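Enquirer: Using only what follows, build the 3D model:
(2 chains)
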2 protein chains.
Amino acid sequence: MRDVYMVGAGQSDYGSFPDESYRSLFAEAFEGAVDSVDGDFDRDSVDEAYIGTLGVGGRQLGLPGPSVTEHVGLDGAASTRVENACAASGVALRQAALAIRAGVADVALAGGVEVMTDMSGEQTRYWLGVSGETEWERMAGTTFSGVYAQMADAHMAEHGTTREHLSRVAVKNHANGSKNPHAHLGFECSLEDAMNGSTVADPLNLYDCCPTSDGASAVLLASEDAAEELTEKPIRLTGSGQASDRVGLFQRDTITGVPATEDAAEQAYDEADVGPEDIEFAEVHDCFSIAELMAYEDLGFCEKGDAGDYIESGATLPDGERPVNLSGGLKSKGHPIGATGGGQAVEVFKQLRGEAGDRQVDGLSRGLTHNVGGSGGAVVVNVFEEGWA
Amino acid sequence: MRDVYMVGAGQSDYGSFPDESYRSLFAEAFEGAVDSVDGDFDRDSVDEAYIGTLGVGGRQLGLPGPSVTEHVGLDGAASTRVENACAASGVALRQAALAIRAGVADVALAGGVEVMTDMSGEQTRYWLGVSGETEWERMAGTTFSGVYAQMADAHMAEHGTTREHLSRVAVKNHANGSKNPHAHLGFECSLEDAMNGSTVADPLNLYDCCPTSDGASAVLLASEDAAEELTEKPIRLTGSGQASDRVGLFQRDTITGVPATEDAAEQAYDEADVGPEDIEFAEVHDCFSIAELMAYEDLGFCEKGDAGDYIESGATLPDGERPVNLSGGLKSKGHPIGATGGGQAVEVFKQLRGEAGDRQVDGLSRGLTHNVGGSGGAVVVNVFEEGWA
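Expert: Alright, predicted model coming up:
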């Protein structure tokens, strides 16, 4: 199996840009990725492109892949849309890596894009709802915040997780995001603010929920031979895992965790020949505060049920033993559905290269991305490490 | 690069089934594929699943992959939706093959599904239109039949292609489809009927256009080691190619052909180490009659501009030198968008195994599938051959 390297990564600003198009936002991300390549990058060298998007709003539901890649001059690439709801570009990154591993590509693009803010709240709920279980959840009136609220409620009841534990996720991620110029909600919030937000779906309040964002991400992957020409600071994809589970929460083995995260992480760790103890930092899928706490447990950063204590210990702060969501995460950086998984890789790229500006944590050599589709119907985990194989 | 074999293939009936769901139709196709496997098939052995769907109607726009695979008990497979409009499951098949080639899967599922007939014509036009070029074609009022009508008009003007040439596609494919129990429009039509259909988009009439269909397809692929346990009649994927082009017709180099077909075919032929002269039969993307004629030329079955003469010669009839669309094609078998590419592979599977019933052509050993997204923004060509590597 051929080795795969991340040789470029970029993202647009995440935010509310109702006048932008999926093409213009994607171009911003792609040009950022091109600019980040150390060597001479030729866009004709891109053999394959995988674009993650849910297609919120329905402007280009078919062929969104070729639609955005043609706009940035990738005329020679076979371009495909992949989708697993909010894990769309995490999947895109894995598919681009598979194309390189299979030998059909030397350079491959993975990216994602979403424009979500040019419609009403009711429309947004429709377009997001159709990523949940349709027949027995959405049609019964359940929203995504409702689904995660059930998980939070159960986690609190089973493990003694508290309102404050949830709020500490928001406080940490907003503090991190305040140092990220691309962040959608780049402001700090106090613990008092976070504990007293207006209720969205009890027990989740406004500060437990990520925003509805527009944005795009783009990551350039290369085989070892190609990477040697393109990068001076090699970042290798050492492990990649993907798993599925029942789309509807009511059909899962547990609702206080995400089994697909455990499965995907196990695959990624095995392939990278590491354990959770070796992961120095991570970008995890904090669409809701409870999701980050469950990720700590499912990824093996702490024991089952201990996520509340783990965040309270400060372990996941920038100066802690394992910083999580240095970018600000979905909570503060934002969550433009299709772009999110790729955007997580952008942060890992910047941190491992020492190019993360005010939020740089020094000395990092191995990081992980964790991207969840729906409430856990699909999960992708990728492990990246600096240096050549 | 590991060899890939097609060890099972099945499809649902194609037709108008507004009371069926994407899950029920997919299950019909999947169980057909399972039944077609010679050896003992264990659904836990499926490592990866790729599901093609446009998601017409919007019931399950996010996570349609896991939604259908969980329904057939594929709990252990990483399931992903891939999409390139009408080429969705052609792409799915290629992605499933890449997963095997990359070494992350020994058994992989490729399939597709679409339910389209439970809405109004106006809604259908919307959902199909968003696979065309949105900003400059659809929003200017162009429909898919309009786009293909422009191509037909240009082909007639440039190459002398006639009304009768177009109609011969319909007559041939309906005759073939009349022998296919799964066909949506399984009736024969006369040349007179086909030449005098009511106008849809001049010069295309009703008989030049495929129907709006519901249906699903499923194909099981395996590595050589896995295939040895699963099949007694090995069918190898010897070549696979995919290419993209401008989504909008107005930005292409030509409108009397589909350049992405030429690109994808060249890749597939190179990989299979064959030329067009070696292809004994083909399932090509005849969404409109002109599309089949252009495919003859772009795939190299005849010279540019000669497609009219080629069909008139009878070369592509069941008893001709190179039968095309023995299944009835999109025109007669039907065109449930996401299912179509996989359904083409089902026909190749049956013909190569001698299991095509009344429409069986004896002695075939190498066939091709050709699946087009939109009006040529994405094309996948796969070459299959009987026997072990």
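Enquirer: Going by C-alpha atoms from here, please, whenever you check contacts or count neighbours.
Expert: OK.
Enquirer: Skipping its backbone neighbours, what lies nearest A:H159 in space?
Expert: Take A:H159 and drop its neighbours on the chain: the residue closest to it by CA to CA, 6 or more residues apart in numbering or on different chains is A:G305, 5.1 Å away.
Enquirer: nope, A:D13 is what I meant
Expert: A:H182 (4.3 Å).
Enquirer: just to revisit the earlier point, who's in contact with the residue nearest to A:H159?
Expert: A:155, A:158-159, A:161, A:297 (CA atoms under 8 Å, 6 or more residues apart in numbering or on different chains).
Enquirer: Find the residue at the geometric middle of chain A.
Expert: Residue closest to the mean C-alpha point of chain A, counted by CA atoms, centre = their mean, is A:G341 at 3.1 Å.
Enquirer: so that one touches A:A88, yeah?
Expert: Yes: between A:G341 and A:A88 there is a contact under CA atoms under 8 Å: 6.9 Å.
Enquirer: sorry, back to before: spit out the contact partners of the residue nearest to A:D13.
Expert: A:11-14, A:333.
Enquirer: Tabulate the CA atom coordinates of stretch A:378-385 in PDB.
Expert: Taking Å, rounded to 0.1, in the frame of the first residue of the first chain, the C-alpha atoms of stretch A:378-385 are listed here in PDB:
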ATOM      1  CA  ALA A 378     -20.900   7.400   9.800                       C
ATOM      2  CA  VAL A 379     -17.500   8.400  11.300                       C
ATOM      3  CA  VAL A 380     -14.100   8.900   9.800                       C
ATOM      4  CA  VAL A 381     -10.900   9.100  11.900                       C
ATOM      5  CA  ASN A 382      -7.600  10.100  10.400                       C
ATOM      6  CA  VAL A 383      -4.100  10.100  12.000                       C
ATOM      7  CA  PHE A 384      -1.400  12.400  10.700                       C
ATOM      8  CA  GLU A 385       2.200  12.400  11.600                       C
END
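Enquirer: can you give me the helices for chain A?
Expert: Under the criterion DSSP state H, chain A contains helices at A:22-36, A:64-71, A:88-101, A:121-129, A:144-159, A:163-177, A:191-195, A:224-230, A:259-272, A:289-298, A:307-312, A:329-332, A:340-353.
Enquirer: So which elements touch the shortest one?
Expert: I take that to be helix A:329-332. Counting contacts by 3 or more CA pairs under 8 Å, 6 or more residues apart in numbering or on different chains; DSSP states H and E, helix A:329-332 packs against helix A:163-177.
Enquirer: closest point of the stretch 251-389 of chain A to chain B, which residue?
Expert: A:G377 (6.6 Å; CA to the nearest CA).
Enquirer: which one of the contacts of A:H182 has the most neighbours?
Expert: With neighbours taken as other CA atoms under 10 Å in any protein chain shown, the top of these is A:K333, carrying 33 neighbours.
Enquirer: who's in contact with it?
Expert: So A:K333 contacts A:14, A:177, A:180, A:182-186, A:327 (CA under 8 Å, 6+ apart).
Enquirer: Now do the closest residue to it other than its chain neighbours against A:A85, distance only.
Expert: Distances taken as CA to CA, 6+ apart put A:A183 closest to A:K333, at 3.8 Å, once the chain neighbours are dropped. Separation of A:A183 from A:A85 (CA to CA, to the nearest Å): 21 Å.
Enquirer: what about the two, which has more around it?
Expert: Higher neighbour count among A:A183 and A:A85: A:A85, with 30 against 26, using other CA under 10 Å.
Enquirer: Quick check: residues of the stretch 1-150 of chain A near chain B?
Expert: Contact residues, the stretch 1-150 of chain A versus chain B (CA under 8 Å from any CA of the partner chain): A:1, A:54, A:58-67, A:70, A:75-85, A:91, A:95, A:98-99, A:101-103, A:127-128, A:130-134.
Enquirer: Please apply the same query to the stretch 151-300 of chain A.
Expert: Proximity of the stretch 151-300 of chain A to chain B (CA under 8 Å from any CA) is limited to residues A:242-247.
Enquirer: Low-confidence stretches in the stretch 1-150 of chain A?
Expert: Across the stretch 1-150 of chain A, nothing is flagged by pLDDT under 70.
Enquirer: No further queries at this time; thank you.
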